[in-house]
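[1] the following comprises the amino acid sequence and a computationally predicted model.
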Number of protein chains: 2
Amino acid sequence: MASPAVPPVTGSTPAAPLRVEIWSDIACPWCYVGKARFEKGLAAFAHRDGVEVVHRSFELDPDRAKGDVAPVLDLLARKYGRTREEAQAMEETVAAHARAEGLDYRTHGRDHGPTFDIHRVLHLAKARGRQSGLLDLAYRANFAEEASVFDDEVLVKLAVAAGLDEAETRGVLADPTAYADDVRGDEREAAELGANGVPFFVLDRRYGISGGQPAEVFTQALEQAWQDRAPLKPVTSAAADGATCDTDGNCA
Amino acid sequence: MASPAVPPVTGSTPAAPLRVEIWSDIACPWCYVGKARFEKGLAAFAHRDGVEVVHRSFELDPDRAKGDVAPVLDLLARKYGRTREEAQAMEETVAAHARAEGLDYRTHGRDHGPTFDIHRVLHLAKARGRQSGLLDLAYRANFAEEASVFDDEVLVKLAVAAGLDEAETRGVLADPTAYADDVRGDEREAAELGANGVPFFVLDRRYGISGGQPAEVFTQALEQAWQDRAPLKPVTSAAADGATCDTDGNCA
C-alpha cells in the first residue's frame, strides 16, 4: 500500500441526479398548491427520473407555542384588518387556485397553529423514505379535510398511513429534541440562501424559485438546470498520498 | 391573496454553507487516515464555520454476507498473492501513515467483514446529529482497538457511546430494511459522480477529490470552492402566480 498513485476522478458519466430542495410549511396554502404545480412541471420534464427531490422545513410562525391553535379566518381578519366576510373571500381565492390544480380545499373551519412537531415528524419520514407521502397526507388533512394536523393523535394517524411506525412516531413527538436540529438547520439554510418566504425551490444550489409558480416555469427551470450540470472538477496533487480502496477491495 | 407579485430571490448574503460530502467505508484504512487529513485541512481553512460536512456510505464489499468475518492479514495475502510476512509489512506501511496523523493503528489481529449494518447505523446517527462522532468511534474500534465492529454488540456499544439510543440502535440492526435505501442511495450517487474508490470528497458538487490527500490539498480545494460559490440565480416568470407565505404569516 506504499506510495500509491492518486486515482483520477473518472468524470460524471452518468451524471449525478439533479437535486431539487423544496422549503415549505404545512400551514402555507401556496406550498400546498406549489407542490402540485412543481410535480406537474416535473412530470413534463424529460429527465424526471434523474431528479432527486428533498423537502425541507420552514415554519411560518416559529415562535408559536404548542397548542396555540385558532381558526384561520380569525387570523386572516386580524392580520389584514378585514371583516370575517372579507377573510372568507380570501380563502375562496386560494381555494380557486387549489381547485384549478385538482386539489380539494375546505374554506370553512380550518385551523392555524404551530408546525414544529409536524416538521420533526416529516424529518423522521425523510429518514424512512416516506417524506413526500406524509407531506401529501398532511397537506390534505390541513387544507381539504376536517382533521387538525395540530393534534398529535391526528399526526400519528397520518404518519402511520404514510408507512411510519406508530411507536417511533410517538417517540419523536414525546421528545421535543428529536429532529429539532434538522428543522432548525433547514430554516437556517433557507435564510442563508436568501429565502424569506415559502414555497422556495432550489435546483442544484444554482437556481432559486420563489413561490408556487405555474408548472411550465418549473419545467423550464429544470431544463435549464439540467443543461447547466457540469462534471466534477478533479482536484489532484503532486503528492503521492491520496490512496483509495476500491470495490475490488484493493487498497493499493 | 389574489394576483400576488412574484417575490424576488433576495440573493445569497450571507451565502449558504459550503457542503462537503465524504464517501467512505469503515473497512478502508485510507478513509480512516483521510478523515483525519481532511479535518486538519478544514481546521486550517479560514471559513471553516461556513462548511457543512456530510458522510456518505460506500461498501468496499457490498455482496459480503453478514457474519463473513476473517483476519485482514489473510485477505491481504490472498488478494495480493503475498506471504503473511509481506501482508504484515503492508499493514505496517498503512500504520505509519496513520501514526503520522496522530492516529493509533493496530497491525495484528484486525478483522475484515461486511459493513452494511455499520453504514445503516451511521445513517441513524446522521438523523440524530451523531454521525461524525460515531464514525470516529467505529474507525478507532476497527483500526486501533481490539473490538470488532462486525459484532452487533460492539456496534451497539459504540452507538451508545456516540449518543444514540440503545433500543433504537438495536431496532435498526434487527430490521435489515432500516436505512438500507439510504446506504444504497449513497452508493448509487457515488457511482453517478464517477467515484470508484474511497475516500471520495465532493465539494459543493463542483470539485471531486479522490483519496486521503495531504491536509494542504483539502485546504486549497476548500478555498477554491469557497471562491466559486455563486448566489442562486432567481427564476421568475411573467405569470403572477408565484405567491408565497412569509415569516410574518403574510400569504398575500
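    Cool, the structure landed. Computed from a predicted structure; not experimentally measured. Numbers count the residues shown, from 1 in each chain, chains lettered A, B, ... in the order given.
[2] make it CA atoms for all contacts and neighbour counts henceforth
    Noted.
[3] pLDDT below threshold where in chain A?
    For chain A, the stretches flagged by pLDDT under 70 are A:1-15, A:238-241, A:252.
[4] helix/strand/coil for the residue nearest to the spatial centre of it?
    Nearest to the mean C-alpha position of chain A, counting by Cα atoms, centre = their mean, stands residue A:55 at 2.1 Å. Secondary structure assignment for residue A:55 (DSSP: H, G, I helix; E, B strand; the rest coil): strand.
[5] is any residue of stretch A:85-98 near chain B?
    Yes. Legend: contact between stretch A:85-98 and chain B by Cα under 8 Å from any Cα of the partner chain is shown at A:90, A:93-94.
[6] drop anything exposed from the residues you listed.
    The neighbour-count test (16 or more other Cα atoms under 10 Å in any protein chain shown) applied to the residues of stretch A:85-98 next to chain B identifies A:90, A:94 as buried.
[7] which members of the residues of stretch A:85-98 next to chain B occur in helices, if any?
    If you go by DSSP state H, the residues of stretch A:85-98 next to chain B have A:90, A:93-94 in helices.
[8] reformat those residues as a markdown table; add distance to residue B:126.
    A markdown table is the format used below for these (distance: Cα to Cα, whole Å):
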| residue | distance to residue B:126 |
| --- | --- |
| A:90 | 42 |
| A:93 | 42 |
| A:94 | 38 |
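[9] from those, pick the one nearest residue A:162.
    Ranked by distance to residue A:162 (Cα to Cα), these are led by residue A:94 at 26.2 Å.
[10] measure that closest one to residue A:69 for me?
    21 Å (Cα to Cα, to the nearest Å).
[11] pretty sure the residue nearest to the centre of chain A sits against residue A:130.
    No. Counting by Cα atoms under 8 Å, residue A:130 is not a contact partner of residue A:55; they are 10.9 Å apart.
[12] quick one, strands of the stretch 151-252 of chain A?
    With DSSP state E, counting those that start in this stretch, the ranges of strands along the stretch 151-252 of chain A come out as A:197-198, A:200-203, A:207-210, A:233-235, A:245-246.
[13] list the beta-bridge partners for the nearest residue to residue A:55 once chain neighbours are set aside.
    Once flanking residues are discounted, residue A:55 sits nearest to residue A:22: 4.8 Å by Cα to Cα, 6 or more residues apart in numbering or on different chains. As for beta bridges, residue A:22 partners with residue A:55, residue A:201 under DSSP bridges.
[14] rewinding a little: mind listing what the residue nearest to the centre of chain A touches?
    A:21-24, A:131-132 (Cα atoms under 8 Å, 6 or more residues apart in numbering or on different chains).
[15] please redo it, this time with the cut-off set to 7 Å
    Taking Cα atoms under 7 Å, 6 or more residues apart in numbering or on different chains, we find residue A:55 in contact with A:21-23.
[16] looking at the residues you listed, which is nearest chain B?
    residue A:23 (11.1 Å; Cα to the nearest Cα).
[17] tell me the spacing between the residue lying closest to that closest one once chain neighbours are set aside and chain B.
    Using Cα to Cα, 6+ apart and skipping the chain neighbours, the partner closest in space to residue A:23 is residue A:56 (4.6 Å). Between residue A:56 and chain B the distance, using Cα to the nearest Cα, to the nearest Å, works out to 14 Å.
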